[in-house]
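**Student:** Next input, structure requested:
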Amino acid sequence: METSLVFFSQLNMCEPKEKTFFKLIHGSGKGDTSKEAKIRDKEKRNRLSLLVQKLEFQQDILSNSSGHLAKETRISPEEAVIWGESFDKLLSHKDGLKTFTRFLKTEFSEENIEFWIACEDFKKSQDPQQIIRKAKSIYEKFIQNDAPQEVNLDFHTKEIIARSITQPTLHSFDVAQSRVYQLMEQDSYMRFLKSDIYLDLIEGRPQRPTNLRRRSRSFTYNEFQDVNSDVSIWL
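**Tutor:** Okay, here's the model as predicted:
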């Protein structure tokens, strides 16, 4: 889908916002002291303020993305090639795990890797109370029906975990973790190896900003692009 760009000839983002507002609001040089004119001027200032805030928000996003990408480019093509040898080698590499997680976020499925990581951490628990606390947390976050990050498990596996959650062991989630691992290995990992995120790394190209399909609760730059760009709505 093509995106139309509209340029405001009056709007110079290099100038202070106050100066920009003055040009747009008072550029005609006509004096109008009526009450209606004052109300219109106030509305103009509010709308222009929103416009500038959204543009500044975009600049902040691009700046943060640039910093993030600078870190990603430190991964050498040789390291990335090793990730393609097996799924286990990908997950055992710190940067590989981070990169794969970033890929899963573009597919709405980061709960799978987060569940796998939580299980790995859980199996390192030693204190009995810690085992119970972490097991309950994993169950409520990933396993139970309508969990905030519910992973895709069959009914039988969920039932076994539910019955044992009051007296969990370090192996309570082994079956579930294995199923999620296989799902990622046979499905998500295959797509990851064909993704731009991975191909850019092995070919030594700069990483591109990740296009997340999940929308934030707050506004995003993509939402701003959908706003009616007719200059008349701002003036």
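**Student:** could you give the mean pLDDT of the strand or helix carrying residue 163?
**Tutor:** Take DSSP states H and E as the rule and residue 163 turns out to sit in helix 155-164. Helix 155-164 carries an average pLDDT of 95.
**Student:** any residues touching it, and which ones?
**Tutor:** The contact list for helix 155-164 (Cβ atoms under 8 Å, 6 or more residues apart in numbering) reads 139, 143-145, 172-173, 175-176, 179. In this view, the C-beta of every residue, glycine as well, is placed from N, C-alpha and C.
**Student:** can you give me the mean pLDDT across the strand or helix carrying residue 181?
**Tutor:** If you go by DSSP H and E, residue 181 is part of helix 174-183. In this model, helix 174-183 carries a mean pLDDT of 97.
**Student:** Just the buried ones from the contacts of helix 155-164?
**Tutor:** Buried residues within the contacts of helix 155-164, counting neighbours by 16 or more other Cβ atoms under 10 Å: 139, 143, 172-173, 176.
**Student:** okay if I get the residues you listed as a markdown table plus distance to residue 112?
**Tutor:** Output for the buried ones among the contacts of helix 155-164, formatted as a markdown table (distance: Cβ to Cβ, whole Å):
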| residue | distance to residue 112 |
| --- | --- |
| 139 | 16 |
| 143 | 13 |
| 172 | 18 |
| 173 | 13 |
| 176 | 11 |
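**Student:** I'd like to know which of the residues you listed is nearest to residue 86.
**Tutor:** Relative to residue 86, the closest of the buried ones among the contacts of helix 155-164 is residue 176; by Cβ to Cβ it sits at 21.7 Å.
**Student:** quick one: contacts for that closest one?
**Tutor:** Taking Cβ under 8 Å, 6+ apart, we find residue 176 in contact with 115, 119, 143, 151, 153, 157, 161.
**Student:** could you redo the last one with a cut-off of 7 Å?
**Tutor:** Applying Cβ atoms under 7 Å, 6 or more residues apart in numbering, we find residue 176 in contact with 143, 153, 157, 161.
**Student:** and if you look at residue 132?
**Tutor:** Residue 132 is in contact with residue 168, counting by Cβ under 7 Å, 6+ apart.
**Student:** With residue 83 instead?
**Tutor:** By Cβ under 7 Å, 6+ apart, residue 83 lies in contact with 89-90, 93, 96.
**Student:** how does this structure divide into domains?
**Tutor:** 31-74, 77-202 (automatic domain parsing).
**Student:** Quick check: which of those is nearest to residue 208?
**Tutor:** Smallest distance to residue 208 across those (Cβ to Cβ): 6.4 Å, for domain 77-202.
**Student:** sorry, back to before: for the helix holding residue 163, list the C-alpha coordinates in PDB.
**Tutor:** The C-alpha trace of helix 155-164 is given here as PDB (Å, rounded to 0.1, in the frame of the first residue of the first chain):
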ATOM      1  CA  PHE A 155      -6.100 -30.100  26.800                       C
ATOM      2  CA  HIS A 156      -4.500 -33.200  28.300                       C
ATOM      3  CA  THR A 157      -1.100 -31.500  28.900                       C
ATOM      4  CA  LYS A 158      -2.900 -28.500  30.600                       C
ATOM      5  CA  GLU A 159      -4.900 -30.800  32.800                       C
ATOM      6  CA  ILE A 160      -1.800 -32.600  34.100                       C
ATOM      7  CA  ILE A 161      -0.100 -29.400  34.900                       C
ATOM      8  CA  ALA A 162      -3.200 -28.000  36.600                       C
ATOM      9  CA  ARG A 163      -3.500 -31.000  38.900                       C
ATOM     10  CA  SER A 164       0.200 -30.900  39.900                       C
END
